[in-house]
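# Provided below for reference: sequence and predicted model.
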Amino acid sequence: MKSDFTYDLVIIGGGISACVFASKYLKNNITKKIALVEIGRGLGGRSSTRISKRFKGWKLNHGAPNFNISNSKNNLLLKSYIDELLENKFIKIDDSDIIFLNQDLNSESQKKSEFSSGFNYFSLDSMSQLSQNIIESNNLKGKIDFYFETLIVDLKFNNNEWLLTSKNGDTFKSKYLICSTNLLLHKRSLKILNINEIPLRKAIPINDDKKIDLILNFLEEQSFIPRLTFLIYTNENYSYKDFYSKQQRYFYLGKNLENKYKFERIIFQMQDNNRLGIVVHTKNIEFINSYINAKNKEVFKQKIITNFNKLFEDNSVVNKLNFDDEISIMKWRASQPSGIAVPLSLQFSRKYRIGFCGDWFEGEGFGRIEGSILSSLILEKKINCLFK
């Protein structure tokens, strides 16, 4: 049955940026009623955790397993927020091993990547739980409603009010709208949603708002890095060769190895059931397409194990996998932004009461959780000024 819902503010997307914004907004606007609409089954976005129904006792962070904060410009807003997360014991410093594999399979412990610059942190629970904790910390009066597995396909702005329509026909009305996802703003929405016009462009005519025109122009040129992640549920006898005891362990592949084995990074994650889970990331287009076009997915999974074993054949700490180890595969709808970043000056349109946040905005956190957090903090400050 179709339903109609009315709110002061609706947030589209349930990733880190949405959760940070919602939490801060709730703290400063305790009388406002808001909704968060997310296509996935829970919070986290690209920082999600797979809690398997098939394999009991497993929680695999299959997106971002941790996050790094550089903050080279010493932004006090960002610094204060990270300190707040630490004080609340939502996160802690991640001192896990970070191993960079070069062409000769030697490890270089001092090398840096976009995933490890600055300080590394990870959730004291799962990454999805981090998003949940962030919102719950300021949702003490239950002022936010969650709508999961809900895909917004149409936007309209009439009489100073937003009207959102979901795929199943539910409608959401709100005075203000926050897009933490750029799916409804980017040309990739045309294929994913099977539509003919970008939803935001359809809602707001060209030349009607300079900021909206500019943000859509920037996003037109912004590209994305598609990824697959392979979740490996090892058997009960699988372990490291050494006596490593920390929760996670990271392996990053140099370009030559990435081209050869098709893997970008490999994260080992110790489970509460004392089993060792492995998450393998790839952004190799050829490999992704071979999975999409594979008639026999089991044969493709065997290829993953073969490549893994060849990569770590002579490694001193990693054992080979057995071909009976279970694998599930995650193909991401949301992808890491790349190329052109959107200026922060375009974050909010007063005329259309719409704001934007996420890792697709300019700054050293572009494409990472750092950018998601900072853009959300900045946007909340801008919007909060409207209520004073």
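That came in fine, so what should we check first? Quick caveat, the model's predicted, so the values are computed rather than measured.

# Just give the number of residues close to the closest residue to residue 57 other than its chain neighbours.
In space, and not counting its chain neighbours, residue 57 is closest to residue 273: 3.9 Å by CB to CB, 6 or more residues apart in numbering. (Each C-beta comes from the backbone N, C-alpha and C, glycine too.) Residue 273 has 13 neighbours, counted by other CB atoms under 10 Å.

# So residue 273, which state does it fall into?
At residue 273 the chain is in coil, as set by DSSP: H, G, I helix; E, B strand; the rest coil.

# Give me the distance between it and residue 320.
Using CB to CB, to the nearest Å, one gets 21 Å for the distance from residue 273 to residue 320.

# Tell me the secondary structure at the residue most central in space within the chain.
Centroid-nearest residue in the chain, with CA atoms, centre = their mean: residue 46, separated by 2.0 Å. Here residue 46 is helix, with the state taken from three-state DSSP.

# Pretty sure it sits against residue 64.
Yes - between residue 46 and residue 64 there is a contact under CB atoms under 8 Å: 6.0 Å.

# does the residue lying closest to residue 323 once chain neighbours are set aside belong to a helix or a strand, and which?
Excluding its sequence neighbours, the residue lying closest to residue 323 (CB to CB, 6+ apart) is residue 305, at 5.7 Å. Using DSSP states H and E, the element containing residue 305 is helix 297-311.

# Name the residues of that helix that are buried.
By 16 or more other CB atoms under 10 Å, the buried positions in helix 297-311 come out as 300-301, 304-305, 307-308, 311.

# Excluding chain neighbours, what is closest to the residue nearest to the centre of the chain?
residue 63 (4.2 Å).

# For that neighbour, what are phi and psi?
Dihedral angles of residue 63 (phi, psi; degrees, to the nearest 10) stand at phi -110, psi -120.

# separation between it and residue 297?
21 Å.

# And residue 27, by the same measure?
46 Å.

# And for residue 287?
When residue 287 is compared with residue 297 (using CB to CB), they lie 14 Å apart.

# And residue 260, by the same measure?
Distance, residue 260 to residue 297, using CB to CB: 23 Å.

# again with residue 95
For residue 95 relative to residue 297 (CB to CB), the value is 37 Å.

# Where does residue 337 sit: helix, strand or coil?
strand.

# what's the neighbour count on it?
Residues near residue 337, counting by other CB under 10 Å: 23.

# And the host helix or strand of residue 18, how far out from the chain middle?
Using DSSP H and E, residue 18 falls within helix 16-28. From the chain centre to the centre of helix 16-28 is a distance of 16 Å (CA atoms, centre = their mean, to the nearest Å).

# again with stretch 86-101
Taking mean C-alpha positions (CA atoms, centre = their mean), stretch 86-101 and its chain are 18 Å apart.

# follow-up on the earlier one: check contacts around the residue nearest to the centre of the chain.
For residue 46, the contacting residues are 15, 63-64, 332, 334, 336, by CB atoms under 8 Å, 6 or more residues apart in numbering.

# And for the closest residue to residue 370 other than its chain neighbours, the neighbour number?
Using CB to CB, 6+ apart and skipping residues adjacent in sequence, the residue nearest residue 370 is residue 69, 5.1 Å away. Per other CB under 10 Å, the neighbour tally for residue 69 reads 23.

# Check what pLDDT the residue nearest to residue 46 gets.
Residue 63 carries a pLDDT value of 91.

# before we move on, what about residue 109?
46.

# returning to that earlier point: now tabulate the contacts of residue 46 in CSV and tack on neighbour count and distance to residue 84.
Converted to CSV, the contacts of residue 46 look like this (neighbours: other CB atoms under 10 Å; distance: CB to CB, whole Å):
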residue, neighbour count, distance to residue 84
15, 27, 19
63, 25, 23
64, 25, 20
332, 20, 29
334, 21, 26
336, 20, 26
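
# mind putting those in JSON lines, distance to residue 40 included?
As requested, the contacts of residue 46 are arranged in JSON lines below (distance: CB to CB, whole Å):
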{"residue": "15", "distance to residue 40": "9"}
{"residue": "63", "distance to residue 40": "11"}
{"residue": "64", "distance to residue 40": "14"}
{"residue": "332", "distance to residue 40": "11"}
{"residue": "334", "distance to residue 40": "9"}
{"residue": "336", "distance to residue 40": "16"}
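
# Which residue ranges of the stretch 1-150 of the chain form strands?
For the stretch 1-150 of the chain, applying DSSP state E, counting those that start in this stretch gives strands covering 4-12, 34-37, 49-51, 59-61, 67-69, 91-93, 97-101, 119-123, 144-147.

# buried set for the last one?
Residues of strand 144-147 classed as buried: 144, 146-147 (neighbour count, 16+ other CB under 10 Å).

# Please save the CA atoms from that strand in PDB.
The C-alpha trace of strand 144-147 is given here as PDB (Å, rounded to 0.1, in the frame of the first residue of the first chain):
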ATOM      1  CA  ILE A 144      14.500  10.600  12.900                       C
ATOM      2  CA  ASP A 145      12.600   8.000  10.900                       C
ATOM      3  CA  PHE A 146      14.500   5.500   8.700                       C
ATOM      4  CA  TYR A 147      13.300   4.100   5.400                       C
END
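
# other SSEs contacting that strand?
strand 34-37 (3 or more CB pairs under 8 Å, 6 or more residues apart in numbering; DSSP states H and E).

# Run through who's touching the strand it packs on.
By CB under 8 Å, 6+ apart, strand 34-37 touches 5, 7-14, 18, 22, 25-26, 135, 143-147, 150, 152, 164, 166, 172, 174.

# Ok, stretch 276-285 next?
58, 60-62, 65, 225-234, 238-240, 258-259, 262-271, 288, 304, 308, 321.

# how far does stretch 145-154 sit from the chain's center?
Using CA atoms, centre = their mean, the offset of stretch 145-154 from its chain centre is 17 Å.
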